[in-house]
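# sequence unknown, structure follows:
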């Protein structure tokens with residue numbers, strides 16, 4: 001019973017070793033794939049955050065802030081030029097009081113009128129400046145998203161390399177093949193009389209010489225005498 005179970009035991013051992021090797025290899029491949037997925041997910045989260053940041057800027061974008069900024073710049077320039085123009089007017093003794101009064105009234109009128117024109121120009125320029133700033137922001141967004149895309153593609157390539165580098169354990173494969181071969185050899189030996197069989201067997205060779213004496217080594221078989229007309233009696 002023990003000898004009959006030996007081939008089965010060897011075959012089972014070969015299957016177990018091969019299965020363990022396959023399971024370990026699949027586990028390593030799953031780990032490499034999962035790591036690649038995590039890295040790509042991180043890139044996607046960063047890309048989404050960058051996109052949401054830009055969308056928030058667009059939602060909060062208002063030409064009013066740009067209009068106020070333009071008005072302040074225009075007012076600063078106006079005050080600078082006005083100060084330069086009136087630099088020598090208010091000098092005592094150079095102009096009369098009436099002249100200074102007229103100049104002051106004219107300066108105030110110019111300032112008021114310039115403020116109206118400044119507000120008009122700011123309202124005209126603010127929307128175009130707003131669109132220009134949004135265009136710059138979109139360009140930056142596209143540039144950042146392209147970087148995230150390249151990083152994701154590179155990570156996908158590295159993941160495929162990691163998966164390709166996962167190999168089966170060659171020692172376990174050799175052990176599994178050895179057990180499988182031993183199982184097959186044991187089964188063949190028991191079935192044909194060679195190999196592991198402990199029962200001696202004789203090979204029947206029915207050939208003898210014409211004198212009736214058996215050939216050496218065939219004493220276990222009766223001699224075969226040649227009869228007239230046979231190939232041995234010729």
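Structure's in. What do you need? In this text, all values refer to a predicted model and were calculated from it rather than measured experimentally.
# switch to C-alpha atoms for all contacts and neighbour counts from now on
Will do.
# Show me the helices in the protein, by range?
2-60, 63-85, 97-165, 170-192 (DSSP state H).
# can you list these in a markdown table and add mean neighbour count and mean pLDDT?
As requested, the helices of the chain are exported to a markdown table (neighbours: other CA atoms under 10 Å; pLDDT from 0 to 100):
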| stretch | mean neighbour count | mean pLDDT |
| --- | --- | --- |
| helix 2-60 | 15 | 87 |
| helix 63-85 | 15 | 77 |
| helix 97-165 | 15 | 83 |
| helix 170-192 | 16 | 77 |
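# Straight-line length of stretch 164-172, end to end?
Distance across stretch 164-172, first residue to last, is 19 Å (CA to CA, to the nearest Å).
# Can you give me the domain assignment for the chain?
If you go by automatic domain parsing, the domain ranges for the chain are 2-192, 206-234.
# Residue 178 and residue 18, how far apart?
Residue 178 is 11 Å from residue 18, by CA to CA.
# my bad, should have said residue 151
Residue 151 sits 38 Å away from residue 18, taking CA to CA as the criterion.
# With residue 63 instead?
71 Å.
# Likewise for residue 146?
45 Å.
# Would you mind confirming that residue 134 makes contact with residue 58?
Yes. If you go by CA atoms under 8 Å, residue 134 and residue 58 touch, sitting 7.1 Å apart.
# Now do residue 167, the pLDDT please.
Per-residue pLDDT puts residue 167 at 88.
# Next, the contact list for the residue lying closest to it once chain neighbours are set aside, please.
Of all residues not flanking residue 167 in the chain, residue 25 sits nearest, at 6.6 Å (CA to CA, 6 or more residues apart in numbering). Counting by CA atoms under 8 Å, 6 or more residues apart in numbering, residue 25 makes contact with 166-169.
# Now which of the residues you listed would you call buried?
By neighbour count, with 16 or more other CA atoms under 10 Å, the contacts of residue 25 hold residue 168 as buried.
# quick check, nearest of the contacts of residue 25 to residue 31?
residue 166 (10.3 Å; CA to CA).
# Next up, the contacts around that closest one.
25, 28-29.
# Just put those in JSON lines and tack on distance to residue 113.
Formatted as JSON lines, the contacts of residue 166 follow (distance: CA to CA, whole Å):
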{"residue": "25", "distance to residue 113": "83"}
{"residue": "28", "distance to residue 113": "78"}
{"residue": "29", "distance to residue 113": "77"}
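# quick check, nearest of these to residue 45?
Ranked by distance to residue 45 (CA to CA), the contacts of residue 166 are led by residue 29 at 24.3 Å.
# Can you tell me the closest non-neighbouring residue to the closest one?
With sequence-adjacent residues excluded and distances taken as CA to CA, 6+ apart, residue 29 is closest to residue 163, at 5.6 Å.
# how near is the residue nearest to residue 169 when sequence neighbours are not counted to residue 105?
Distance criterion CA to CA, 6+ apart; nearest residue to residue 169, sequence neighbours excluded, is residue 21 at 6.4 Å. Separation of residue 21 from residue 105 (CA to CA): 98 Å.
# Let me see the contact set for residue 126.
63-64, 66-67, 70.
# Check residue 35 too.
Here residue 35 is in contact with residue 159 (CA under 8 Å, 6+ apart).
# for residue 63, same thing?
Residues near residue 63 by CA under 8 Å, 6+ apart: 126-127, 130.
# Ok, residue 41 next?
If a contact means CA under 8 Å, 6+ apart, then residue 41 has no contacts.
# No further queries at this time; thank you.
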